[in-house]
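[1] Give me a 3D structure for the following:
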Amino acid sequence: NGQISIYWIMSINAASSLMRGFINAATKLQEPIKKRHVVKRLLKERPQLLYSVIVDVDSYARFVPLCASSEVLRRSECGTMFDASLSIGLGLGIPYPTIPSIFSMSPDKLSTTIRNRKSSEPEQGLSFLSETYVSRVTVDPTNYEVSAHSIKCEKFNSLSSRWKIIPVNDEGDETTKYNIPANTERAHWSWVEFEVEMSVSDPSIASVLDIVLKDVADNQVLAFENRCRELR
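    A predicted model of the protein is given here:
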C-alpha cells in the first residue's frame, strides 16, 4: 500500500507538472507578438512645417498611404493631447507579395477602393490586416515630438507610433554629423526618427507584418515629406 501511495503521488506530481507545462505554453501562445520598425532619415524640410503636417491628422486621408479616413474626435483643454479615429487597410485583398504595389495608388483611389470593398462585403468589413481604431495622440511642439497609442482597437492588440524631429542648426559640426551637402542652408533640414509598433495575438497576422511593416513605415515618412513639398 505504501508503494502504491508513493506511485500515485509520483503520478499526480508528474501529471501536475505536465499540466503546468501545457498551461504555460498556452499562455505564451496567447501573449501578444510585437513588431517594430524605426525609420531614421534626413529630410530637406523645415522642422516647423514637418511638425505641422504630422499633427494635422484630419488631413491624413488625403495623402497618407493606406489611410481611408482620419478625424480628430476631441482635444484636451491644454492642447497637448487629442483623440483621433483612423481607418487603415494593409491588405485590401491583394496577395502578400504584391502588397507594396498599393503604395502606387493615389490617396483618392485608395480611399475609393476601401469604401467599395466595405460596401460589397459589409459582413466582413475591411479586408485582412485592416482596422478602424481610436488613437490618443500626445504632442510636444517645443521639442517637435508626436506620439500616438491606440485606445480602442479590434484586430490588433495595440498600435503605436512616435515622431521625433531634430532641427539641424548652425551649432557644432552638424554638417558632418548629418552628412548635409556643403553650402546648404541648414535651417531647411530636419533629422527625423519615426517609430511604429504593432502588437497582435494572431501569429498569422504577425508573419504578414514581418513582410509589410518596413514598407509601411518607409512609405509613411515619404508621404509626409511629399506633403511638405505640396504645402511649401
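
[2] thinking R75 is in contact with M81, fair?
    Yes: here R75 reaches M81: they are 7.4 Å apart, a contact under C-beta atoms under 8 Å. C-beta coordinates here come from the backbone N, C-alpha and C atoms, glycine included.

[3] Distance of the nearest residue to V168 once chain neighbours are set aside relative to E31?
    Excluding the flanking residues, the one nearest V168 by C-beta to C-beta, 6 or more residues apart in numbering is W189, at 4.1 Å. Separation of W189 from E31 (C-beta to C-beta, to the nearest Å): 42 Å.

[4] more neighbours, these two?
    It is W189, of W189 and E31, that has more neighbours when counted by other C-beta atoms under 10 Å, with 23 against 10.

[5] pretty sure the more buried one is touching I166, no?
    No: between W189 and I166 there is no contact under C-beta under 8 Å: 9.7 Å.

[6] Phi and psi next, for P167.
    phi -60, psi 140 (degrees, to the nearest 10).

[7] what about the nearest residue to it once chain neighbours are set aside, neighbour count?
    Spatial nearest neighbour of P167, excluding adjacent residues (C-beta to C-beta, 6+ apart): P47 at 4.3 Å. Using other C-beta under 10 Å, P47 has 20 neighbouring residues.

[8] now do T142
    Number of residues near T142 (other C-beta under 10 Å) recorded here: 6.

[9] Ok, A223 next?
    A223: 19 surrounding residues under other C-beta under 10 Å.

[10] P32 versus that one, what's the distance?
    Relative to P32, and taking C-beta to C-beta, A223 is found at 27 Å.

[11] Now for S207: which residues touch it?
    Listed by C-beta atoms under 8 Å, 6 or more residues apart in numbering, S207 has no contact partners.

[12] Cool, thanks, talk later.
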